[in-house]
Structure formats: structure tokens, C-alpha cells
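**Student:** Model the following, please.
(one chain, ligands or ions: 1)
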Amino acid sequence: MVSKALLRLVSAVNRRRMKLLLGIALLAYVASVWGNFVNMSFLLNRSIQENGELKIESKIEEMVEPLREKIRDLEKSFTQKYPPVKFLSEKDRKRILEGVEVRVARIFNTFGPRMHMNDGRVVSNFILQALQGEPLTVYGSGSQTRAFQYVSDLVNGLVALMNSNVSSPVNLGNPEEHTILEFAQLIKNLVGSGSEIQFLSEAQDDPQKRKPDIKKAKLMLGWEPVVPLEEGLNKAIHYFRKELEYQANNQYIPKPKPARIKKGRTRHS
Ligand SMILES: O=c1ccn([C@@H]2O[C@H](COP(=O)(O)OP(=O)(O)O[C@H]3OC[C@@H](O)[C@H](O)[C@H]3O)[C@@H](O)[C@H]2O)c(=O)[nH]1
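**Tutor:** Numbers count the residues shown, from 1 in each chain. Alright, predicted model coming up:
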């Protein structure tokens, strides 16, 4: 009697234990299937993403490589320190980058704060010379012309071009043309400098006239420069003045680069 009762008790406990074990096994199964699924979809996602990135990267590589080769060749062949990419014709760039949306900006003389203080270009040279009380060096007679755009105008032009669908070259520059002698006098006056103007020999291959035709930019981008020359120059002068003060406090006085003073000398060497 006692043993029968005992057997029933044991088997009841076993049945409950079996149910419990079955329940746990089921849960474990569900968890493992779910886990595998999550893992799989994570791996799948990652491989799709990695593949996508790889594909894009290899496409970019494929398109850029010929350009790199061309630049390497140009670097070998040009001894002067002039960005070789400038020698790539616009046609070349188009051919190399076929299949990629391309915008071509022809950037004309630009100036503004944060420009290199002594890279030998006319605006930086004249401002430095005027601020330091040194002669403003005019190469040749000073009758050659240039038209300078303020940097923020250029940036706005570039943004407008990028946002447009114009893939042919667009001139970005300020068409307000002045002689170099006029620039020298204007900068001297704006700085309030007592510097004299010194005429040096003409630079080699110096273009006598440069003025951008910006009809296309006006028509297709609705863009034109808006910063008046004097306003831009005052901002650049302010920047140069501050830089000079800072550098004087740090024992470093930049000098205008005495480039292009001899006939036959490479420009911007
Ligand atoms: O101290 C100077 C510096 C320059 N100049 C003259 O000022 C004029 C402008 O000279 P910059 O060097 O500032 O500018 P440039 O227009 O000659 O070349 C600039 O624009 C065309 C780009 O391809 C060049 O890379 C860029 O330097 C030139 O006639 C030059 O001879 C001076 O009279 N005195």
C-alpha cells in the first residue's frame, strides 16, 4: 500500500519534472532559432553593406586610377612647382571621369583673409609690403591688368555650380579689371602706408590682360560677384595686420617673396 502510494508520488513528481524539462527544452530551442536568425540577419546585413561599400570603393578606384597615373606622369615631366592637374585639359578630365557627374570651374584671380601671406602673388605681396613700410614691387610698367574676386564670391559660385547640372566649364571670377599699378596705389591708400612704388623688370610670360567673361555663370547659375573690391581688400588687410601682430609676438616676421623680379625667371618658382 505504502509502496504503491510512494510509486504514484514518484511518477507524479517525474511527470511534473518531465513537463518542466520539456518546457525548458522548447524555450531553449526557440531561443537558439531566434539567436541564429538574428545572427544570420546581422551577418547578412553586414555582408550586403560591406559588399556595397566595396563595390563603390572599387568603382571610385577604377575611375580615379587613370587620373592618378596621368598626374604622376605630369609630375615627372614638369620640373616647375605648378599644380600638374592644371595641365590636364578639360576634355581629358571629362574622358577620364566618364560616368561621373563633373563640374568644371575656371577660377580666376581670388584673394581674401587666410590666403598664403608670402606666396609671391600680387595682392599678398602688396599688402605685406604696404604694412611693413617697404616698397611695393610692380613688375614691368604696371599697365598689365587683372580682375580680382573676393573669396566668398568664389565659394558661392562653386556651390551654385555644384548644385547645377552644368557640366561644361564655367568661368568664376570678378570682371572688374584694373591695372597692377592701380592695385598698388589702392592697397597703399587703404593701408595708409608711406611705402613707395618700385618698378622692377617684367616677369616672364606675364599675361598683359586678364578679365573673366562671366556671362555663362550669370545666365546658368544666376551667380555674379557681389563684394566690392575695396571692401574685400579691407578684410584681407585686416587679416594680414592681425597675422603680422601675432607673428611679431612670436618672433616670426614673414617677408614678401622676391619672386618674378628677373626677366627669364620662372613664375611662382
Ligand atoms: O609683387 C608682385 C607680384 C605680382 N605682380 C604682377 O601682378 C600680376 C598678377 O600676378 P599674380 O602672381 O598675383 O597672379 P597671376 O594672374 O599672374 O597668376 C595667377 O593667376 C593665374 C594662375 O594660373 C596662377 O597660378 C596665379 O598665380 C602680374 O602681372 C605680376 O607680374 C607685381 O607686379 N608685383
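**Student:** Walking through the stretch 101-250 of the chain, point out its strands one by one.
**Tutor:** In the stretch 101-250 of the chain, the segments counted as strands under DSSP state E, counting those that start in this stretch are 105-107, 110-111, 136-139, 145-147, 149-150, 170-172, 177-179, 197-200.
**Student:** Figure out which of those strands is closest to the ligand.
**Tutor:** In this view, the strands of the stretch 101-250 of the chain are compared for proximity to the ligand by CB to the nearest ligand atom, and strand 136-139 is the closest at 3.7 Å. Yep, even glycine has a C-beta here, placed from its N, CA and C like the rest.
**Student:** So which residues make contact with that closest one?
**Tutor:** Contacts made with strand 136-139 from outside it, assessed by CB atoms under 8 Å, 6 or more residues apart in numbering, are listed as 125-126, 129-130, 180-181, 184, 187-188, 195-203, 206, 256, 258, 260-261.
**Student:** Contact residues of this protein facing the ligand?
**Tutor:** 109, 121-122, 125, 137-139, 144, 146, 180, 203, 206, 210, 260, 268 (CB under 6 Å from any ligand atom).
**Student:** With respect to pLDDT, which of those ranks lowest?
**Tutor:** In terms of pLDDT, the least confident member of those is residue 268, at 48.
**Student:** hang on, residue 255 in a strand?
**Tutor:** No - counting by DSSP: H, G, I helix; E, B strand; the rest coil, residue 255 is not found in a strand; it is coil.
**Student:** Once you drop chain neighbours, what's closest to it?
**Tutor:** For residue 255, the nearest residue in space outside its immediate sequence neighbours is residue 118; the separation is 6.4 Å by CB to CB, 6 or more residues apart in numbering.
**Student:** Next: residue 224.
**Tutor:** With sequence-adjacent residues excluded and distances taken as CB to CB, 6+ apart, residue 224 is closest to residue 218, at 5.3 Å.
**Student:** likewise residue 149?
**Tutor:** residue 174 (3.7 Å).
**Student:** returning to that earlier point: just put the strands of the stretch 101-250 of the chain in TSV and tack on mean neighbour count.
**Tutor:** Putting the strands of the stretch 101-250 of the chain into TSV (neighbours: other CB atoms under 10 Å) gives the following:
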stretch	mean neighbour count
strand 105-107	14
strand 110-111	20
strand 136-139	23
strand 145-147	19
strand 149-150	24
strand 170-172	21
strand 177-179	15
strand 197-200	14
